[in-house]
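Student: Fold the following.
(one chain, ligands or ions: 2)
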Amino acid sequence: MLETFASEPFVRWLDGVVQDEVTETRWLNLLSQLEYVGCRKILKSIPYERVNASVLQHIQEEALHAHLLKQLVLKRGGKDAWEDPSWSESGWEYIQSVDRQICEGLSPVMYYPLVSWVIEQRVMWLYPWYLEKTSDPAIKRVLTTILAQEKRHADQFAEHGFNSENQLEAVRIEERAWNKLIVKLSAGDDLFETPYDGYSATH
Ligand SMILES: [Fe+2]
Ligand SMILES: [Fe+2]
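Tutor: Ligands and ions are numbered 1, 2, ... in the order given. Down below sits the predicted model:
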């Protein structure tokens with residue numbers, strides 16, 4: 001498990017999520033949305049003339065992740081549509097704020113791989129935690145499949161040779177957006193005894 005990100009209080013929050021079937025299904029639907037947005041981001045960010053076999057494979061795998069997670073949602077009686085507006089909007093805000101802030105000040109050539117790198121770091125941190133916490137064997141199987149592919153994506157982006165200052169800044173931006181996302185997901189929910197004390201939506 002990567003040490004890049006602070007695990008508290010997210011892990012406490014996740015403990016609450018996996019104890020409630022309906023909330024865990026909402027969470028899976030949000031993860032499906034985020035995977036779909038990742039797929040869409042590749043399609044929109046890479047110019048046609050730079051699309052090669054490895055890019056096509058990445059598109060296919062991100063679409064597969066979104067679909068596998070959506071299948072779990074449906075199996076558990078969740079929605080075929082995206083999640084209710086509050087969670088869905090929070091998911092979009094997370095991606096867009098990482099994207100926008102990293103884009104500022106970096107050339108378009110560098111920003112796509114850096115955004116992708118930092119999001120892969122989050123994925124490689126998040127899914128092992130989720131794999132450990134969930135008790136549903138079907139979810140565990142899907143997460144194991146996704147993780148094997150994400151590991152390869154993370155390695156590919158790591159080969160890009162970013163300067164460490166940019167990487168640190170990207171981690172800082174992503175972590176702020178991530179904390180804000182989790183604050184929003186836990187807002188107004190009495191399911192959680194310890195909803196992100198010490199963090200605020202403007203953190
Ligand atoms: Fe993915
Ligand atoms: Fe990926």
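Student: Close to ligand 2: what parts of the chain are there?
Tutor: Counting by C-beta under 5 Å from the ion, the chain comes close to ligand 2 at 150, 153. (Glycine included, C-beta is placed from N, CA and C.)
Student: Pick out the residue in the protein sitting closest to ligand 2.
Tutor: The minimum distance from the chain to ligand 2, using C-beta to the ion, falls at residue 153 (3.6 Å).
Student: Just want the residue of the protein that's nearest ligand 1.
Tutor: Going by C-beta to the ion, ligand 1 is nearest to residue 65 of the chain, at 3.8 Å.
Student: Look up phi and psi at residue 59.
Tutor: Dihedral angles phi and psi of residue 59 (degrees, to the nearest 10) take the values phi -60, psi -50.
Student: Could you pull up the contacting residues of it?
Tutor: By C-beta atoms under 8 Å, 6 or more residues apart in numbering, the contact set of residue 59 is 39, 42, 43.
Student: How about residue 144?
Tutor: residue 131.
Student: Residue ranges in this structure under the pLDDT threshold?
Tutor: Within the chain, the stretches with pLDDT under 70 are 1-4, 105, 107-109, 188-203.
Student: same thing but 90
Tutor: Where the chain drops to pLDDT under 90, the residues are 1-10, 12, 45-46, 79, 82-86, 103-113, 153-169, 186-203.
Student: Buried residues of stretch 93-111, list them for me.
Tutor: 94, 95, 97, 98, 99, 101, 102, 106, 110, 111 (16 or more other C-beta atoms under 10 Å).
Student: residue ranges of the helices in the chain, please?
Tutor: Using DSSP state H, the helices of the chain run over 10-18, 21-45, 53-75, 85-103, 108-133, 137-158, 164-186.
Student: buried set for the last one?
Tutor: By 16+ other C-beta under 10 Å, the buried positions in helix 164-186 come out as 166-167, 169-171, 173-186.
Student: The shortest one now?
Tutor: Applying a neighbour-count criterion of 16+ other C-beta under 10 Å, the buried positions in helix 10-18 are 10, 12, 13, 14, 16, 17, 18.
Student: closest to residue 84 among these?
Tutor: Closest approach to residue 84 among the buried residues of helix 10-18 (C-beta to C-beta): residue 17, at 15.1 Å.
Student: thinking again about what came up before, mind picking the two most distant members of the buried residues of stretch 93-111?
Tutor: The most distant members of the buried residues of stretch 93-111, if one measures by C-beta to C-beta, are 94 and 110, lying 21.0 Å apart.
Student: Relative to residue 26, which of the buried residues of helix 10-18 is nearest.
Tutor: Nearest to residue 26 among the buried residues of helix 10-18 is residue 17, at 8.4 Å by C-beta to C-beta.
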